[in-house]
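1. Quick one: sequence and predicted model below, then my questions.
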Amino acid sequence: MKPFTYFQPTEIVFGSGRIEEIGSIASRYGKRCLLVTTPAVPATTAQFARVKSLLKKEGVAVAHFDCVTPNPTTDVISAGARVARDSRAEVVIGLGGGSSMDAAKAIAVEATHEGTAWDYLFYKKAPTTRTLPIIAVSTTSGTGSQTTPCAVITKSDEMDKSAIWHSNIYAKVALVDPELMVTLPPNVTAMTGFDAFSHNFEAYVSVGTNPLVETLALSAIPLIVKFLPRVLENGSDREARGAMAWADTLGGLAIASAGVTLPHGLGMQIGGRCPSVAHGQALAALYPEFTRFTAESALKKFATVARIFDPRWTDVSDEKAAGKCCDEVDSFLKKIGMWLSLRSLGVPEGEVRAIADRGQVLPDYKNNPRVATVEEMYVILKSSFDRDV
């Protein structure tokens, strides 16, 4: 068996109704918290009020920073860090999707360190143990941020999207309550749901994978294949929401160890240059080309996933099944309303070359079973731009 090391320090509190415990959980880490969210909308107003009430009931004072944007920027992080310092926060709670949880992690760093969060990217200085304790409360099923040592942030003036990646920004507690996801609109459910698929799939095929990650991913992928279409039909389906929340959590646990591969590195560059494109959308646009680029270099694993999608491929060769995996992913994207092109997402054609030229800035591409050159990345991106949708 392949030797490996797996590290996961986050306490996972999972299940319907577990949000009721947020006050007692937070009080373990301090009596003053910074709650980090996006601006309230009708679907979240009551949710935010409920969480603040539960915190205050346990004697935890709440400062609410509700200025997180999709693809949170360094300016957003700095504003949140100022609120954390001014309120003398002892713990930071990220409540929401990946943007809110990632912002909470970055704020927890900047509030306690010299400079800005951008100074602590994965290739720069490491955040220290001075980082404020983080509690991640997920309200979507896709980013897995609640169980990863990653905080993705964007520096708008440089059109650069990168990440802090360090064990000191793991959440102390990940609270995953599927009831918080019932009001999630279908388009966000689809985007984040496909992100969960990609996390598990990429961790499974990554050259840095290990037997534990493979077990996690192969538990999650069948759940997503079965329950993501179902929850898109009925967002109030508690069983489907619970299954997707668990698959998302498994995906976070998987990528925390094995990382992601080619689509994520390119997708981050798309998001950096075109902030209006959601991460899940960028991944969906890239996947048809990525799967065909990679399948021959990971035949057995692609074949295994094809057979999860459709047992008909059980009795054919791995080579044939791997090819069918690409078709199955295409069909799945269409089924969940995520059959997209970069053109349809509003990515300017002139940006395609620039995105490819930066495609090796992040190291994710090195985890791919077939390592792409910059020119091969350009071909993938150009084909993803021109695809008929």
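-> Structure received.
2. Give me the distance between the residue lying farthest from the centre of the chain and Ala298.
-> Here the chain reaches farthest from its C-alpha mean at Asp315, the gap being 34.2 Å by CA atoms, centre = their mean. Distance of Asp315 to Ala298, given as CB to CB, to the nearest Å: 20 Å. Every residue, glycine included, has its C-beta placed from N, CA and C.
3. hey, where'd the strands end up in this protein?
-> Assigned by DSSP state E, the chain shows strands spanning 11-14, 32-36, 61-65, 91-96, 134-138, 150-155, 160-165, 173-176.
4. how does this structure divide into domains?
-> Using automatic domain parsing, the domain ranges for the chain come out as 11-181, 186-386.
5. Any idea which of these gets closest to Lys2?
-> domain 186-386 (6.0 Å; CB to CB).
6. Tell me how far that closest one lies from the chain's centre.
-> Offset of domain 186-386 from its chain centre (CA atoms, centre = their mean, to the nearest Å): 12 Å.
7. phi, psi of Gln342?
-> Small correction: residue 342 is Leu, not Gln. Main-chain torsions, Leu342, degrees, to the nearest 10: phi -60, psi -30.
8. and the gap between the nearest residue to it once chain neighbours are set aside and Tyr287?
-> Nearest residue to Leu342, sequence neighbours excluded (CB to CB, 6 or more residues apart in numbering): Phe385, at 4.1 Å. Using CB to CB, Phe385 is found at 14 Å from Tyr287.
9. repeat for Thr140
-> To Tyr287, Thr140 is 19 Å away according to CB to CB.
10. what does Val83 give?
-> According to CB to CB, Val83 and Tyr287 sit 38 Å apart.
11. more crowded one of these two?
-> Neighbours per residue (other CB atoms under 10 Å) separate Val83 from Tyr287, with Tyr287 holding more: 25 against 19.
12. For Arg292, find the nearest of the strands of the chain.
-> Shortest distance between Arg292 and those, using CB to CB, is found for strand 160-165: 25.4 Å.
13. what angle sits between the closest one and strand 150-155?
-> Orientation check (axes from the mean of the first three to the mean of the last three CA atoms, to 10 degrees): strand 160-165 against strand 150-155 gives 150 degrees.
14. starting at the chain centroid, how far to strand 160-165?
-> Chain-centre distance of strand 160-165: 13 Å, with CA atoms, centre = their mean.
15. returning to that earlier point: for the domains of the chain, please prepare TSV with the additional fields distance to Lys2 and mean pLDDT.
-> Putting the domains of the chain into TSV (distance: least, CB to CB, whole Å; pLDDT from 0 to 100) gives the following:
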stretch	distance to Lys2	mean pLDDT
domain 11-181	22	97
domain 186-386	6	97
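16. Ok, which of the ones you listed comes nearest Phe4?
-> In terms of CB to CB, the element of the domains of the chain nearest to Phe4 is domain 186-386, at 3.4 Å.
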